[in-house]
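Asks: predicted model follows, preceded by the sequence.
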Amino acid sequence: MSRIGVAVAALALAATACSGGSEPGPAPTSAAPTPLAEFATDTLTVARSDFCSRVAPAAVEDALGGESGSADTWANGERARLADGGTDVAHEYGCRWSAADGTTAEGWVFAPPVTPGQAGRYRRAAATADGCRAVPDAPRFGSRSVAVRCADGTTAFHGLFGDAWLSCSVTLAGDSGGPAAGDAVERTGRWCVSVAQAAAG
């Protein structure tokens, strides 16, 4: 879980953990990357359950810029490995893929249901996480959405889909999170479309 995920998750620890949705199906064999600006997220419903097996392998390669060298998954109530090497009990379902150069792609959905009011607080927490700032004019990702760029090279989108708070990020090796964010935002947007499609599956 990235620093943004930790900041937002800290606000959700008091929520009652529960899951929804059905068992995940098989992973897609292929999927054409779709720009987030061209993907309608307003009416998409996301299940608060495991979705990682449905993320298209082609989407992982597009996000990483090459093949994945390792993958981690976590589920509600399990101990999850944090990006800084520590661990914490997860109140979400999520997954992370890593490339040999250190680039990572993540997606996670909170297990507890999230209200619009809570989503507003999570949005503010993501935008004010240490070293992060909101991306102006970013494409929408569900409702109450926010896109952020961080000094560690992470670009992330967060948003509310029904009662599910869904997040996705790409951390690019060698990216200092500077103002030239266009390529990173577009790349992360394509990744987030694939995460949303898998989580809605």
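Replies: Cool, the structure landed.
Asks: bridging residues for the residue nearest the centre of the chain?
Replies: Nearest residue to the geometric centre of the chain (C-alpha atoms, centre = their mean): Cys168, 1.5 Å. Residues in a beta bridge with Cys168, per DSSP bridges, are Gly107, Phe157.
Asks: surely it meets Trp97?
Replies: No - under the criterion of C-beta atoms under 8 Å, Cys168 makes no contact with Trp97, lying 11.6 Å away. Just so you know, the C-beta spots here come from the backbone N, C-alpha and C atoms, and that holds for glycine as well.
Asks: now list whatever residues contact both of the two.
Replies: Common neighbours of Cys168 and Trp97 (criterion: C-beta atoms under 8 Å, 6 or more residues apart in numbering): 105-106.
Asks: could you give me the buried positions within the longest helix seen in the chain?
Replies: Secondary structure of the chain per DSSP state H: the longest helix is helix 182-200. Across helix 182-200, burial judged by 16 or more other C-beta atoms under 10 Å covers 184-200.
Asks: put the alpha carbons of that helix into CSV.
Replies: Provided in CSV are the C-alpha atoms of helix 182-200 (Å, rounded to 0.1, in the frame of the first residue of the first chain):
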residue,chain,number,x,y,z
GLY,A,182,0.9,14.6,-18.3
ASP,A,183,2.4,11.2,-19.3
ALA,A,184,2.3,9.8,-15.8
VAL,A,185,-1.4,10.9,-15.3
GLU,A,186,-2.4,9.4,-18.7
ARG,A,187,-0.6,6.2,-18.0
THR,A,188,-2.1,5.9,-14.5
GLY,A,189,-5.5,6.8,-15.9
ARG,A,190,-5.3,3.8,-18.4
TRP,A,191,-4.3,1.6,-15.5
CYS,A,192,-7.2,2.8,-13.4
VAL,A,193,-9.7,2.0,-16.2
SER,A,194,-8.5,-1.6,-16.1
VAL,A,195,-8.7,-1.7,-12.3
ALA,A,196,-12.2,-0.3,-12.4
GLN,A,197,-13.3,-2.8,-15.1
ALA,A,198,-11.9,-5.7,-13.0
ALA,A,199,-13.5,-4.5,-9.8
ALA,A,200,-16.8,-4.1,-11.5
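Asks: avg pLDDT for that helix?
Replies: For helix 182-200, the mean pLDDT works out to 94.
Asks: helices or strands next to it in the packing?
Replies: Counting by 3 or more C-beta pairs under 8 Å, 6 or more residues apart in numbering; DSSP states H and E, the packing neighbours recorded for helix 182-200 are helix 57-64, strand 104-110, strand 143-150, strand 154-161, strand 164-171.
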